[in-house]
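J.: The following comprises the amino acid sequence and a computationally predicted model.
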Amino acid sequence: MTYSIVAHDADTGELGVAVASRFFAVGALVPHIRAGKGAVATQAFVSPLWGIDAADRLAAGEAPQDVLEALVRADEGRANRQLHMVDAQGRTAAYTGPDCVGWCGHLTAEGVSVAGNMLAGEAVVAETMAAYQAHAGLPLIERLMTAMEAGEKAGGDKRGTQSAAVIVHRTEPYPWLDLRADDHPDPLAELRRLYDVAHERFLIMSKTLPTRANPHGTLDRKGIDAEIAAAEDRRKAEGRASRSFATPL
């Protein structure tokens, strides 16, 4: 009931997943990422355990194809499931069970995999992949959203739209950005809106968060406030108003 893309950006090391479906809160179950290790999407007759276990095994250093084969072999529900993944070396693996609802299938390339089920047609997966590969100059999160939008234009989920999500990890165990539209008439457009709002304060503030390299983070508010003010001035010059509120959380 879903189509998704998992990808690794070889230039930045970022890992990301984007997904859309005519299903409530698809971002709660489908995407799983371990920073610097791998990204996974589990869907169709979804097994969240596949996503968790696949991500953990990639983090432990197992090859994607070995992870996929082990999970598929052990699950009696495999014929109804779909799973795909990419690791930090750009290796991919994908599985579409024979009982998944058509159109269903997957397409993989170096550093990226696209998969879907209950789609309008094969073009959804093909156009999602083509758009991703055609926009190599974009930041990973924008590349993922652009790819998903191309898939939607090709027909998307044949039942319609309801939810979408995009998540990107950089170096930390927590996401750099995790956006979800859980119940929305145009969820991919809502992700774009949320991405724009994130630039107002969230992505500025997130630069100060503790990291493994700097577990104390940055506590001086002067730099944060100055950058937020500059961003607000740019929005005003462009005729756009901020919707965000004071920092910190």
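T.: Yep, that arrived. Numbering: from 1, shown residues only.
J.: the residue most distant from the middle of this structure, which is it?
T.: Distance from the C-alpha centroid of the chain peaks at Lys222, with 32.4 Å (C-alpha atoms, centre = their mean).
J.: what packs against whichever strand or helix holds that residue?
T.: Using DSSP states H and E, the secondary-structure element containing Lys222 is helix 221-237. Using 3 or more C-beta pairs under 8 Å, 6 or more residues apart in numbering; DSSP states H and E as the contact criterion, the secondary-structure elements in contact with helix 221-237 are helix 202-205. In short, each C-beta sits where N, CA and C put it, glycine included.
J.: Please identify the buried residues of the helix it packs on?
T.: Using 16 or more other C-beta atoms under 10 Å as the test for burial, helix 202-205 gives 204-205.
J.: In the helix or strand of the chain with the lowest mean pLDDT, which residues are buried?
T.: Taking mean pLDDT, DSSP states H and E as the measure, the chain has helix 221-237 as its least confident helix or strand, at a mean of 83. For helix 221-237, the buried set under the neighbour-count rule, 16+ other C-beta under 10 Å, comprises 224, 228, 231-232.
J.: Pick out whichever of those residues sits closest to Asn117.
T.: Ala231 (40.2 Å; C-beta to C-beta).
J.: thought the closest one was touching Leu203?
T.: No. The criterion here is C-beta atoms under 8 Å, and Ala231 misses it with Leu203 at 9.3 Å.
J.: what number of residues lie near Thr161?
T.: Burial of Thr161, expressed as a neighbour count using other C-beta atoms under 10 Å, amounts to 20.
J.: Start the count at 851 instead of 1 going forward.
T.: Got it, the first residue is 851 from now on, which makes the last one we talked about Thr1011.
J.: need the contact list for it.
T.: The contact partners of Thr1011, taken as C-beta atoms under 8 Å, 6 or more residues apart in numbering, are 870, 872, 1002, 1034-1038.
J.: again with Arg1042
T.: The neighbourhood of Arg1042, defined by C-beta under 8 Å, 6+ apart, consists of Met995.
J.: Distance of the nearest residue to Leu1069 once chain neighbours are set aside relative to Glu1022?
T.: Nearest residue to Leu1069, sequence neighbours excluded (C-beta to C-beta, 6 or more residues apart in numbering): Thr1058, at 7.4 Å. The span separating Thr1058 from Glu1022 equals 13 Å under the rule C-beta to C-beta, to the nearest Å.
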